[in-house]
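Asks: Got a predicted structure plus its sequence, pasted below:
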Amino acid sequence: MTNPNLSNTASSQTIATRTGLHEIRKANEQLLQNLLNGSLILGTVLFFLNMYNAIQKANYLAVAGVIIAYAILFIITFARMLPFRLRVDLLAASYYLVGTLSLITSGVSAGNLIYFFITVLVIALLLEKNAWIIPFAIATLTITLVGFFSYFSIINTEEVVLASTGMIEWLSIAVNLLYTTFLISASTAQYFERLRTSIISTHQRDEALANENAVLSSKLLDFQNTLDRRRSRLVTTRQISREISQQTDIEKVMKDSVELIRTQLGYYHAAIYLNDNRNENAMLKAATGDAGQMLMERNYRIRVRDEGVIGSSIFRGEPIITENIEVEFPNFKNTSLPNTKAEIALPLRIGQNVFGALDVHADRVQAFADEDIEILQSITDQLSMVIDKNFRLGNLNATIQRLEESYRSYTRGSWQTHLKGSKKQLSYTYTENTLEPEFDETEITRNALESGEVITAQSASKNVEDAESILAVPIMLRNQVLGVMNIKYKGKSIPSDLADLAQNASDRLAVALENARLLEQNQQRAEREHLVGEISTRVRSASDIDTILRTTATELGRALGIDEVRIQLKNAE
């Protein structure tokens, strides 16, 4: 793939180069216009002088050349719409034409040769670095040919024909001029070329810095947006975690969790699946929106071993992400959620135990960035711990209930056996400093025994002196009713402190009764053990079978108070 930063840099350098060239072009145009303006002012003066001299000498060739050169100079000075290169070439050509005519008509002189110098210098100043070589070569060739033709009298100037010494002087002037022209033009062209390069380079650096600054600003903005988005999502994650941790109802935890994921994190759909007892199917337990409610009413389930997103996540025990579900899992798209474009499923797990998955849908492709996955994974871990804790608490509560029920059954059975075996009257009534072994059972007492709740009854008498209230307090041990305390109080209502005192007394009475029962049970067990030991001793002292049988029957009947004891061995038949 092409690096966009490199493409932007190359484009910026191209723009900077164009900008630099444009500024150089403007500077060259301004320099050209200044040269044209100066040349036109000086040329106007020289035009009339040269025209006067040429007419006086009847040199019509010089007249025509001066007119052409001046016309060219005049036109290119004011015709700014002409191309830049054409105006430069015409200015150089006008100086070359004047120089050539002056050399032919007036002979060799520094004043005539200076036009060739200006010709080359104009090109060196205004055009690219090597463009001055061509006019320099043309000027050199022109001076050489005019000198050659003049020396051999092929052409005659108005000056005296050059002698041998004149030829040497002419060559000296020409060589000096050409050397000076070369030196100045080459240096000037090189200087201006470096100036152009420096300007372009400066613009490129400026543009590169500007582009780099723009890129950095864009990255900074993206970083700030990402940071703000991450901060917002972290706050949302803490809120979701807090909501999860504060709930005790597992169904409400799951329902609130998927709703918060959808609304706070901006996803299309969220759901929680839990495995069945055989870990064969993942059952939908919580989902968002009307579609989720419809799926729950249908008892929607997914096979754990299927190749879909959810089944694969549970089976493999790892997150499964699809950035484009229509391409990656086209056969497993849920028709009840038509806007799903991307999906992620994260397993609910504690250690190696995977018991479900959190399923999140998005309505756009490429919707799950790295920080989104981290946030959803954090929420999934929280959910896993809460759900697992709830399951463990549920199992623990069920075990405790079974134990309590067993203990209650044991307590009920123990007391029933104890009361049936007791020969004492276990009921007492205390009235006017007298304790009697009797108890009158009333309707209030029966209700307290049956319901296991404290019952109060107010007297129906309107006479304050005859008013009487009844308080029936059940004696409870491990939610089992052992008996009841029936208290009569003279007054229209039972005082609260009396009711509390009676309740505390009932609780302590139940504990004391249980301890006494256990003590009696232990004593009875000890007596039985002692009795069994004595019987065993007497039986072991017998020497024959008949004596053993007689001794056993006699001791059992005597020790246990049994009316009849029979012992018989099986006949040989």
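Replies: The structure has been received and is ready for your questions.

Asks: Just the pLDDT at the residue nearest in space to the middle of the chain, thanks.
Replies: Note on the chain: the residue nearest the mean C-alpha position is Glu371, at 2.6 Å, using Cα atoms, centre = their mean. Note on Glu371: pLDDT of 79.

Asks: Would you mind naming the helix or strand containing it?
Replies: If you go by DSSP states H and E, Glu371 is part of helix 370-421.

Asks: chain center to that helix, what's the gap?
Replies: 37 Å (Cα atoms, centre = their mean, to the nearest Å).

Asks: That helix packs against which elements?
Replies: helix 164-246, helix 250-265, strand 342-350, strand 353-362, strand 480-490, helix 496-541 (3 or more Cβ pairs under 8 Å, 6 or more residues apart in numbering; DSSP states H and E). Backbone N, C-alpha and C define where each C-beta goes, glycine included.

Asks: Parallel or antiparallel, list what pairs with the fourth one.
Replies: It stands for strand 353-362. The pairing partners recorded for strand 353-362 under DSSP bridges are strand 269-275 (antiparallel), strand 342-350 (antiparallel).

Asks: Just send these back as TSV, with distance to Phe332, mean neighbour count and mean pLDDT too.
Replies: Output for the strands paired with strand 353-362, formatted as TSV (distance: least, Cβ to Cβ, whole Å; neighbours: other Cβ atoms under 10 Å; pLDDT from 0 to 100):
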stretch	distance to Phe332	mean neighbour count	mean pLDDT
strand 269-275	14	23	90
strand 342-350	9	23	89
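
Asks: Save these as JSON lines, and put in distance to Leu376 too.
Replies: As requested, the strands paired with strand 353-362 are exported to JSON lines (distance: least, Cβ to Cβ, whole Å):
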{"stretch": "strand 269-275", "distance to Leu376": "9"}
{"stretch": "strand 342-350", "distance to Leu376": "6"}
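
Asks: coming back round to it: which neighbouring residues are in contact with the residue nearest to the centre of the chain, exactly?
Replies: 226, 229-230, 233 (Cβ atoms under 8 Å, 6 or more residues apart in numbering).

Asks: Write the ChimeraX selection for whichever of the residues you listed are buried.
Replies: A single ChimeraX command selects the buried members of these (16 or more other Cβ atoms under 10 Å):
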select :233
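
Asks: how about the contacts of Glu371, which pair is most distant?
Replies: For those, with distances taken as Cβ to Cβ, the pair at the greatest spread is Thr226 and Arg233 (10.4 Å).

Asks: ok, for Ala457, nearest residue in space, not its chain neighbours?
Replies: Ile470 (4.5 Å; Cβ to Cβ, 6 or more residues apart in numbering).

Asks: quick one: that neighbour and Ile444 touch, right?
Replies: Yes: Ile470 is within contact range of Ile444, at 5.6 Å (criterion: Cβ atoms under 8 Å).

Asks: Run the angle between the helix holding Glu371 and helix 496-541 for me.
Replies: 70 degrees (axes from the mean of the first three to the mean of the last three Cα atoms, to 10 degrees).

Asks: what angle sits between helix 370-421 and strand 480-490?
Replies: Using the same axes, to 10 degrees: helix 370-421 against strand 480-490 is 70 degrees.
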